[in-house]
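Asks: next input, structure requested:
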Amino acid sequence: MAEKVTFWFDTSCPFAWATSRWIKEVEKVRDIEVAWTPMSLAILNDGRDIPADYADMMKANWGPARVFAAVATKEPEKVGDLYTAIGTRVHHEGRPEVRNDYGAYNEVIAEALAEVGLDASYAEVADTEEWDDALRAFHQSAMDEVGDDVGTPVIKLGDTAFFGPVITRIPTGEEAGEIFDASVRLAAFPYFFELKRSRTESPQFD
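Replies: Residues are numbered from 1 along each chain as shown. Below is the predicted model:
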């Protein structure tokens, strides 16, 4: 029987992207079923005292998160493909170059929707509040699992969810599978909560 995995992500987060690519590698070597689910750093940081430049980035993050909320509601089976299409442009191609205001991701969103065969009208919700309630509900579903003192990604393995794992390189092949096996094993213990150490490098996608 396939291991069920729920993966909450924010498009802009490089750590979520690295971990999501690990999960894509795990799909090749383990029997897993992944539910890709949006969350939002903009919602997470709403009302918090954060630096001005980071606050501007949070404005930009609303657009893709709203689109994902709409797609996750109407065509959930397409969320993973759309995340790959947008994430590749963002994290491998460095687009958009400027991410400091509403609408910054609009061109990337339109291209990605076309690539995965989703209706172009989804792009229109990026600059409206039409799907904000749904986005907040998706986001809250992650917070309900792990609490609100975490970031993205959030992963649920079976009945247990964690923030992370935070990785800076993308393991492949059996190494990806072994890390997944270890994560599932730790998740089986209800009294296990976290392992942590200071990071010494940024995410690498090459």
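Asks: which helix runs longest in this protein?
Replies: helix 52-74 (DSSP state H).
Asks: and after that one, which helix or strand comes next?
Replies: Next along the chain after helix 52-74, taking DSSP states H and E as the criterion, comes helix 79-87.
Asks: and that next one with helix 52-74, angle?
Replies: If you take axes from the mean of the first three to the mean of the last three C-alpha atoms, to 10 degrees, helix 79-87 sits at 150 degrees to helix 52-74.
Asks: can you list contacts of helix 79-87?
Replies: 9, 11, 17, 20, 24, 34, 36-38, 64, 67-68, 71-72, 105, 108-109, 111-113, 115-116, 118 (C-beta atoms under 8 Å, 6 or more residues apart in numbering). For every residue, glycine as well, the C-beta is placed using N, CA and C.
Asks: list of residues touching stretch 135-155?
Replies: Around stretch 135-155, the neighbours that count as contacts under C-beta under 8 Å, 6+ apart are 5-10, 13, 15-16, 19-20, 23, 37-41, 43-44, 65-66, 68-69, 72, 156, 161-165, 183.
Asks: restricted to helices, list those.
Replies: Residues of these located in helices (DSSP H): 15-16, 19-20, 23, 41, 43-44, 65-66, 68-69, 72, 183.
Asks: highest neighbour count among those residues?
Replies: Within the ones in helices among the contacts of stretch 135-155, most neighbours by other C-beta atoms under 10 Å means Phe68, with 31 neighbours.
Asks: coming back round to it: just the CA trace of the longest helix of the chain, in CSV.
Replies: Provided in CSV are the C-alpha atoms of helix 52-74 (Å, rounded to 0.1, in the frame of the first residue of the first chain):
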residue,chain,number,x,y,z
ALA,A,52,10.6,46.1,5.2
ASP,A,53,12.2,44.4,2.2
TYR,A,54,10.9,41.0,3.4
ALA,A,55,7.4,42.5,3.9
ASP,A,56,7.5,43.6,0.2
MET,A,57,8.4,40.1,-0.8
MET,A,58,5.3,38.9,1.1
LYS,A,59,3.2,41.2,-1.1
ALA,A,60,4.5,39.4,-4.2
ASN,A,61,3.8,36.0,-2.7
TRP,A,62,0.1,36.4,-2.6
GLY,A,63,-0.3,36.0,-6.3
PRO,A,64,0.9,32.5,-6.9
ALA,A,65,-0.5,31.3,-3.5
ARG,A,66,-4.0,32.5,-4.6
VAL,A,67,-3.7,30.7,-7.9
PHE,A,68,-2.7,27.5,-6.1
ALA,A,69,-5.7,27.8,-3.7
ALA,A,70,-8.0,27.9,-6.8
VAL,A,71,-6.3,25.0,-8.5
ALA,A,72,-6.1,22.9,-5.4
THR,A,73,-9.9,23.4,-4.9
LYS,A,74,-10.9,22.8,-8.5
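Asks: all good on my end, thank you.
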